[in-house]
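Visitor: Here is a sequence together with a model predicted from it:
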Amino acid sequence: MHVFDKIYINGQFVKPIGLEELELINPANKQVTGKVVLGNVEDTQLAIAAAKSAFKHFSKTTVQERADMLLRLHQSLLSRFDRLTEATVEEYGAPVSVARMLTQIAVDAFLHTKEDLESYSFTRTAGKAKVRMEPIGVVGAITPWNANATHLANKIAPALAAGCTLVVKPSELSAAQTQLFAEAIHEAGIPAGVINIVNGKGEVVGEELTRHPDVGVMAFTGSTQVGKRIAAGAAAQLKRITLELGGKSPTVILDDADLSKAIPLAVRAGYINSGQACLAGTRVIVPASRLQEVKQLMASAIEAVQVGDLWDEATLIGPMASQKQYDTVQRYIRQALEDGAELVAGGPGSPEGLHTGYFVKPTVFASVTNDMTIAREEVFGPVLAILTYQTEEEAIEIANDTPYGLQAFVFSGSTERGNRVAEQIVAGRISVNGLHDEPKAPFGGFKQSGIGREHGTYGIEEYLEPKAILGHYAVLA
Ligand code: NAD
């Protein structure tokens, strides 16, 4: 039993004033693995006060000082690489290869941000004016459970680079990853109060961050529903917000694509992080004339997908993170069947021999139209919907007919055609002919997938405000 009964405020590990406890459950076997003691509103206020006080000095630090801190954070996280990976497997249920990738992204984020910081111009000119990019203030950062360490890194690194201080409220289900992160921050010698971490519930700690007048920026990753709540709350003081929200990403397979290559890639795009990924390509949009081929290839690609043993390098899909998430996915699968979708693979229930954890069957539906719930709402599990089109224009129209706009994938036999279609899709990131990543490129959503961007200089600028100094050359005459 692991007990996480400390939060990190003003450079110290302290017992929270809050007394509420939450049981932590290993999703692969439903065993209780520990408990986390949750911070309350008072804990949050203490953390905000520490961050506010630290901001006075931290906002004046040099680029070199902050770059050194980012490097130290990279190193101290790197020394916890295996433990962080293990925590992600045990606490969240990620297969080990996925957990390792998530840890790598978290560790690398500090190095990439350091590079971006070192080449960033904090002072520029606009006409005759001098423009200084200034840190906004205290950041309230909130992360979800599906890649907690990655999201912590993607918020902490750019906020530090900008010269902001933070109060972080990680997912309450990710206490082991959070503890390792807090230890890494402590070991890296980050000045007291610059990064504070309060475990706690969204309705308690999260809402206090949103409400408190001393928090200047809300940086949130999570559901669109909670994102809207935060935007509404932050509006009371016109706080700056970055919201990284949900998605229902299209994977457009053009009629000149080699299906034997495109379909396995489409399955991987849809099943990223066991399907518990905001960017997962869950609407697979295919030419009607090739539907039979698509269904056959899809069924055999799914058969090859390994579900189960999280420590097996070949496993692609782990359990859903919680009973709640398992129930949600089952509900969407049942509803798709009721709405008349055709089952190509998977279906309700758990895979053979995997009833002890929150495992679901990798599932694919065909005969889906874009007005069905399975095509419109984010399932957040390994469930794909195949939709058909007659013309390229219709494929693009279906791809864009969604309230979301986070990510898209396009597969085509012609790179040029793939790019032409990519340019017409309304999404923050579009990956052509592969599952590409570029940590320096902006990440974030159009429409209800969010506001603002993470990564690269785009990410750093979310924590900066331009200040124009006019007549900076003038002599009083
Ligand atoms: P969630 O919105 O339920 O919770 C996210 C975080 O918000 C948690 O820390 C939670 O405690 C907190 N929270 C809950 N209610 C709150 C409130 N009223 N005020 C402030 N904070 C509150 O999401 P989840 O279930 O943890 O994660 C899954 C969702 O996250 C999915 O919709 C997914 O698409 C989204 N997501 C988006 C991205 C992205 O980068 N766009 C990445 C990962 C996950």
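Guide: The structure has been received and is ready for your questions.

Visitor: I'd like to know how many residues surround residue 265.
Guide: Residue 265 is flanked by 20 other residues according to other Cβ atoms under 10 Å. Using the backbone N, CA and C atoms, a C-beta is placed for each residue, glycine as well.

Visitor: Surely it is in contact with residue 411?
Guide: Yes - in this structure, residue 265 is within contact of residue 411 by Cβ atoms under 8 Å, at 6.6 Å.

Visitor: Give me the distance between whichever residue of the stretch 1-150 of the chain sits closest to the ligand and residue 172.
Guide: As assessed by Cβ to the nearest ligand atom, the ligand sits closest to residue 144 within the stretch 1-150 of the chain, at 3.1 Å. The gap separating residue 144 from residue 172 is 10 Å, by Cβ to Cβ, to the nearest Å.

Visitor: same question, residue 185
Guide: For residue 185, the distance to residue 172 - Cβ to Cβ - is 19 Å.

Visitor: likewise residue 460?
Guide: Counting by Cβ to Cβ, the gap from residue 460 to residue 172 is 28 Å.

Visitor: quick one, which of the two is more surrounded?
Guide: residue 460 (25 against 22).

Visitor: which ones are touching the more buried one?
Guide: By Cβ atoms under 8 Å, 6 or more residues apart in numbering, residue 460 lies in contact with 113, 116, 117, 120, 158, 161, 162.

Visitor: Just the buried residues of the residues you listed.
Guide: With burial judged by 16 or more other Cβ atoms under 10 Å, the buried subset of the contacts of residue 460 is 113, 116, 117, 120, 158, 161, 162.

Visitor: With pLDDT, secondary structure and distance to the ligand added, can I get those in JSON lines?
Guide: Below are those laid out as JSON lines (pLDDT from 0 to 100; DSSP: H, G, I helix; E, B strand; the rest coil; distance: Cβ to the nearest ligand atom, whole Å):
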{"residue": "113", "pLDDT": "98", "secondary structure": "helix", "distance to the ligand": "16"}
{"residue": "116", "pLDDT": "98", "secondary structure": "helix", "distance to the ligand": "18"}
{"residue": "117", "pLDDT": "98", "secondary structure": "helix", "distance to the ligand": "21"}
{"residue": "120", "pLDDT": "98", "secondary structure": "coil", "distance to the ligand": "22"}
{"residue": "158", "pLDDT": "98", "secondary structure": "helix", "distance to the ligand": "14"}
{"residue": "161", "pLDDT": "98", "secondary structure": "helix", "distance to the ligand": "19"}
{"residue": "162", "pLDDT": "98", "secondary structure": "helix", "distance to the ligand": "19"}
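
Visitor: those helices in the stretch 51-200 of the chain, which residues are they?
Guide: Taking DSSP state H, counting those that start in this stretch, the helices of the stretch 51-200 of the chain run over residues 63-78, 81-87, 96-118, 148-162, 175-187.

Visitor: got the domain boundaries for the protein?
Guide: The chain is divided into the following domains under automatic domain parsing: 2-245+445-469, 250-432.

Visitor: In a markdown table, list those along with distance to residue 475.
Guide: Formatted as a markdown table, the domains of the chain follow (distance: least, Cβ to Cβ, whole Å):
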| stretch | distance to residue 475 |
| --- | --- |
| domain 2-245+445-469 | 14 |
| domain 250-432 | 47 |
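
Visitor: Point out the one among those that comes closest to residue 477.
Guide: Closest approach to residue 477 among those (Cβ to Cβ): domain 2-245+445-469, 16.3 Å.

Visitor: what about that closest one, start to end distance?
Guide: 53 Å (Cα to Cα, to the nearest Å).
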